[in-house]
Structure formats: structure tokens, C-alpha cells
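Asker: Need the 3D shape of this:
(2 chains)
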Amino acid sequence: MRVFILIILLIGYSNCFAENLRIISLMPSYTEIVFALGAGQQLVGVSNFCNYPETALEKEKIGDYLRPNFEKIYALKPDIILAPQWKNSILLKNLNSLKLNITQFENESEIDDIFRTIAIIADKINKKSEGKDLIKKLKKRLKNTAEKKVSDKRKPKVYIEVDAKYWTAGAGSFLSDVIEKAGGKNIFYDIKKAYFQTSWEAVIERNPDIIISLWAGDKEYIKKPLAQKINAVSNSRIVTNIDRDKISRPALRVFDIIEELSLKLNENK
Amino acid sequence: MKINRFLIALFILALFFGLSLFIGPTSLIGFDILFHIRLPRVMQAVIVGCALSVAGVIFQGVLKNPLCDPYIMGTSSGALIGAVLAQFINLNQNSFFFYILIAVCALTATLIAYNLAKYKKQVSNVDLILAGVIISAFLSALVLLFLSLRRESALNIVFFMMGGLYETDKGLLIVVSVLVFLGIALSLALSRQLDIFSLGEEKAVHLGINTEKYKIIYFTIASLITACAVSISGTIGFVGLVVPHMARMLVGPSHFKLILASAIGGSIFLIVADAFARTIIAPSEIPVGIITALAGAPFFLWLLLRNREKVK
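Answerer: Prediction:
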């Protein structure tokens, strides 16, 4: 009987131990995923940019991923730090010298990479089965969207403007893949640069059927020179009210955006 | 002879103007693209090039300091802080007030630098440059402070700092060109006094020139045309520094010729730089400010070394 109680106690203790992982997330996307896996209450620190779900706003802020506050991180005694890859930076070395447990992720450059990130996070925070369910659910949603797709030639051509002065996304960028998954074709699919600055001339030449703007309203485009030569403008197919956080974070809400865009890209067709 | 040279220079400008119209990221050259997109852009290059070079000539002439240009005088930092202020009060980059704010800030920064340097109704050149550097450094610190506080709008400011010729409002372009050409005409009319200035301030006073009055007039002209240029194209460096020196090598120190030559030379320099900016990695673009700095800095270094040899 005593042994039995001891075992129960041990199991209880180990469960308790697993539940009490102290997690710090340095990226908004990781924070969203941790919450989606049902481990939100274990997050003890998040980055300044983590604003979703709303409860993330109440968490301790530890700066941003480029300039994390070492003192605060150390004081929070994290068991796991979820961090992106730092290039040309001594941050990782410095964090390691504090003997902190850091899990780093590759940059997500396409939608499928999100599944990899989810799997790693689920594994690290002992939520494996939740992780599997989540990935399955998301993959199913993606497949349902994909079924509406048309053949490559009839795909609507999309110009996505990330910022003023014609900053756009090229091949191999996350946003380019979002367009692809929503059933569109990026007009700069042949430019092997993730993000670059183009010109209005080049946009006119490539004549997109749809313009997605993450920073301006449709009036911005209508008044530009020769705007009427562009199908997107003459057919008034300019998408402007896209939430910047939702579309650019490799987390869960981008799947809402893909579904939303897929409807907009394929209407009247 | 003088007229002939001037005509040749204008002809070269026209040649580059025409050539650059046919250079661009698109393969299709229709009348529409030429007329509605390239033409305004090349016009913009002409106006900005003129404005920055002439402002450089004026600053260098008045201060008798060959290293002076709108960037050292604090004028462009003033314009930059104007752009930052606009972000702070959520002023759209397309609204007319955005440009007015920039012009006002550029002028204010230059005048503050001037008044800081003014002591007992005299302005020493060294003090003026020091004041300009101090104002620039202080304003740059403010810009950086803003960047670190409001990172979400940091990109806009960075683009503005890099400088580039993107299509602007046509009405604005017309207003700016009128202002710039008025400024150049005025400085041509006052070029005799500028010649006397370059003899040295003391001699100018003895020759009967009210130096303080003329200094303020010149600074106002130079700041105004700089602000015009900055407001439509962001901060483009090295044009105001390099072009006047090249012009001086070609036409000599007389300011009437120098202003004309710099105006034409500045236009050509910026037209060529912009043609590079939009074609080298088309359909991507490089901000033209980077090209002018890349071309201008080594040239300036060469100029310095060359002068050093002459002194020996």
C-alpha cells in the first residue's frame, strides 16, 4: 500500500514537473504556437512583439529577438528558450554562457516549414500528441483550399506590396508561398530574392490581376500613372485590408489568410 | 566662346536626358511608359541634381570652404527630422503638408546652425561648420531615438534616408521645379557678390558689401532649394559636394559660370546615376542615393589627394 502511494506520488510529481516547464518565446509566431498547443500558462516571458492571443500581452516582456534583455531572461529562470537563428551575432554564445537551454528554429520560408516548427515546439514542451493533432488539422485545411485551385496557366497573377516604394516579395519568400497556397501566382516568381525593391514600371509590365497591399489603400494605386493599364486596377481587384501580423507570421493565423485570399483570388472566375 | 561652351553643355545634358529615357527595367517601350513614368522621373533627376549642386556652390562660395555642402550644414538632417515628425503625427507621405513640414524643418535647422555660430554680429566660418556638425549630430540622434522607439515605422524613415527618385505628384514636381529655378536665377543674379565673397569676408566688407545681409540671403536660397530637392527625393548625398568641384575644374572660379555649369553637371550626374539605379539589377531597384555615394566618395578622395600633391 505504501509503495502504491509512493508510486502515485512519484507519478504526480513527475507530471507536475512536466507541467511546470518555464518557457520563454522570442518570436510572436512561437508564442502563438505555444498557446495553440495549450501551454500558454507555462510561458513566463515573451518578446515585445508578441500580441496574440491577447493573454500574451500580460506576460513578462523580455525585449525583442535582436536585443533580448539578458538580465530579465536569466531572472525568469527559463527551462526552455524558443529562439530564431541569429546570423552574425554573438547572442547565442552569450546566452549559452549563462547555461540556458536554447532551442533554435530555421527560418520559415514556406508554409510547410510551419509544421516543422510546430513539431519541434510540441516535442520540446511535452505536447507531442497535441502537436500531431494540430498539424493534421492545419494540413487538412490547406488541402481543402488547394482543391479549389485551377491549372497553373489560369492562376491569377498577384503583385504583393509589403511596404511603400515598391518593396515586394520574390521567389523563396514566405509571402510568395502564401500567395501560391491561396491559388495565385506571384508576378515576381522568377526573381530569386526574398524581399526587394522594384519599380512601378516593372509592375505595369508584369500586369498583375490582383494587387495585395499591406500598407496602403486602393486609392494609392488608382492615382498612379498608367494604373488603368493594369488588370488589377481596371477590374478594381485591389486587396488592402489584410492584417499584417496575420499574413507575415509563420504561425496559425496565416491559414485564415490563405483561406480568405483563396476566395478573393478565385472570385468571378 | 562662353556661349558656345554653354550650348555644348546643354547639348550633352539633352543627350543624356534622351538616352536615359530609353533605359529602364521594362523591355516594352511604349509611348505611355516613356511619357508617364520615365519622363517625370528624369525631370525629377534634373531638378534634384540642379538644386543640390547649386546649393553646394553657394555654401562653398559663401563659406570659402571646399568641404561644405547641405549635408554638413545640417540642412538635410533638418529635412530628415521633418520626415520623422511627420511619422510622429501620422501625416501621410502623400499629403502636401508632409513636404511643407520638411522644407520648414530644413530651413530652421540651417538658421539655428547659423545663429549658433553668430557671435557679436559676426559669423566665423569655422564656428558655422562646427554648429552645422553639432546640429546634424543632435538631429541624427533624435532620428535614431525615434527609430528605436517606433520600430514599426522605422522602414519608412530608412527609405527616406536612402533617397531615391520615385514618381511624385505631378503638381508637386511643377511647384518644386519653379522654386528651384527661381532660386538658381536669383543666385545667378547675385553671383557677382558671391565672387567678392570668395576674396575673403574682410575684403568684401572693404569693397562695400553688407556681408551679413548677403549671407542670410544666400543661406535662405540654398536651404530652400535643398529642402525642395530633399522633399521629393529623400536625402541624396555627395551631389552637392562633388559636382561643384568638377565644375570648378572645368570653368574656373567665376560664380556665374560655376552656378550654370554645376546646375547642368548636377543634372547629368543624377540622370546617369538614376539610370544605373533602375537598370543594374532590374526589376529590382537600388536607391539612387547609394549610387551617388558609391561614385562620389572615391572621387572626393581623389580630389583631396590631388590637392595635397599640388601643395607640395
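Asker: Could you tell me which residues make contact with A:Leu265?
Answerer: Listed by CB atoms under 8 Å, 6 or more residues apart in numbering or on different chains, the contact set of A:Leu265 reads A:156, A:158, A:182-184, A:210. (C-beta placed from N, C-alpha, C; glycine too.)
Asker: any idea of the pLDDT on A:Ile121?
Answerer: Per-residue pLDDT puts A:Ile121 at 94.
Asker: Ok, B:Ile89 next?
Answerer: At B:Ile89, the pLDDT value in this model is 80.
Asker: Same check on A:Lys127?
Answerer: 91.
Asker: count of neighbours near it?
Answerer: Neighbours of A:Lys127 under the rule other CB atoms under 10 Å in any protein chain shown: 23.
Asker: Report the contact partners of A:Ile118.
Answerer: Neighbouring residues of A:Ile118 by CB under 8 Å, 6+ apart: A:33, A:37, A:131, A:134-135, A:138.
Asker: if we can go back for a sec, highest neighbour count among the contacts of A:Leu265?
Answerer: Compared across these, A:Val158 has the highest neighbour count, 29 neighbours, by other CB under 10 Å.
Asker: Establish whether the strand or helix carrying B:Ala154 and chain A are in contact.
Answerer: Counting by DSSP states H and E, the element that carries B:Ala154 is helix B:154-162. Yes. Helix B:154-162 comes into contact with chain A (CB under 8 Å from any CB of the partner chain), by way of B:155-156, B:159.
Asker: Can you name the element that comes right after that helix?
Answerer: Where DSSP H and E defines the elements, the next helix or strand beyond helix B:154-162 is helix B:170-189.
Asker: which other helices and strands contact that following helix?
Answerer: helix B:39-63, helix B:211-233, helix B:255-279 (3 or more CB pairs under 8 Å, 6 or more residues apart in numbering or on different chains; DSSP states H and E).
Asker: picking that back up, which members of the contacts of A:Leu265 additionally contact chain B?
Answerer: Applying CB under 8 Å from any CB to the contacts of A:Leu265, none is adjacent to chain B.
Asker: Can you add secondary structure and pLDDT and give these back as a markdown table?
Answerer: Supplementary listing: these in a markdown table, determined by DSSP: H, G, I helix; E, B strand; the rest coil; pLDDT from 0 to 100:
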| residue | secondary structure | pLDDT |
| --- | --- | --- |
| A:Pro156 | coil | 91 |
| A:Val158 | strand | 94 |
| A:Ala182 | coil | 90 |
| A:Gly183 | coil | 89 |
| A:Gly184 | coil | 91 |
| A:Ile210 | strand | 93 |
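Asker: give the contact list for the residue lying closest to B:Gly234 once chain neighbours are set aside.
Answerer: Among residues not flanking B:Gly234 along the chain, B:Gly163 sits closest, at 3.7 Å (CB to CB, 6 or more residues apart in numbering or on different chains). Going by CB under 8 Å, 6+ apart, B:Gly163 touches B:233-237, B:287-289.
Asker: Regarding residue 109, what is its secondary structure?
Answerer: Went with chain A since none was named. Following DSSP: H, G, I helix; E, B strand; the rest coil, A:Ser109 is assigned to coil.
Asker: Quick check: phi and psi on it?
Answerer: When read as degrees, to the nearest 10, the backbone of A:Ser109 gives phi -110, psi 0.
Asker: ok, so what distance separates the spatially closest residue to B:Leu107 that is not a sequence neighbour from B:Tyr114?
Answerer: Spatial nearest neighbour of B:Leu107, chain neighbours left out: B:Ser223 (4.7 Å); criterion: CB to CB, 6+ apart. Plainly put, B:Ser223 is 9 Å away from B:Tyr114 if you go by CB to CB, to the nearest Å.
Asker: Likewise for B:Gly78?
Answerer: As judged by CB to CB, B:Gly78 and B:Tyr114 stand 12 Å apart.
Asker: who's more crowded, those two?
Answerer: Between B:Gly78 and B:Tyr114, counting by other CB under 10 Å, B:Gly78 is the more crowded of the two (29 against 22).
Asker: Just the pLDDT for the residue in the stretch 51-200 of chain A that chain B sits nearest to.
Answerer: Residue nearest to chain B within the stretch 51-200 of chain A: A:Phe196 (4.3 Å; CB to the nearest CB). pLDDT for A:Phe196: 88.
Asker: Could you tell me how many residues sit around the closest residue to it other than its chain neighbours?
Answerer: Leaving out its chain neighbours, the residue that sits closest to A:Phe196 by CB to CB, 6+ apart is B:Ser284, at 4.3 Å. With neighbours defined by other CB under 10 Å, the count for B:Ser284 comes to 20.
Asker: can you check the one 10 residues further on too?
Answerer: The tally of other residues near B:Leu294 (other CB under 10 Å) stands at 13.
Asker: now do the one 10 residues further on
Answerer: The tally of other residues near B:Leu304 (other CB under 10 Å) stands at 11.
Asker: and what of A:Glu54?
Answerer: The number of residues packed around A:Glu54, counting by other CB under 10 Å, is 7.
Asker: which regions of the stretch 101-250 of chain B sit below the pLDDT cut-off?
Answerer: Along the stretch 101-250 of chain B, segments meeting pLDDT under 70 span B:121, B:123, B:151-153, B:167.
Asker: Point out the most buried one among the helices and strands packed on helix B:170-189.
Answerer: Highest mean neighbour count of the helices and strands packed on helix B:170-189: helix B:39-63, a mean of 27 (counted as mean count of other CB atoms under 10 Å in any protein chain shown).
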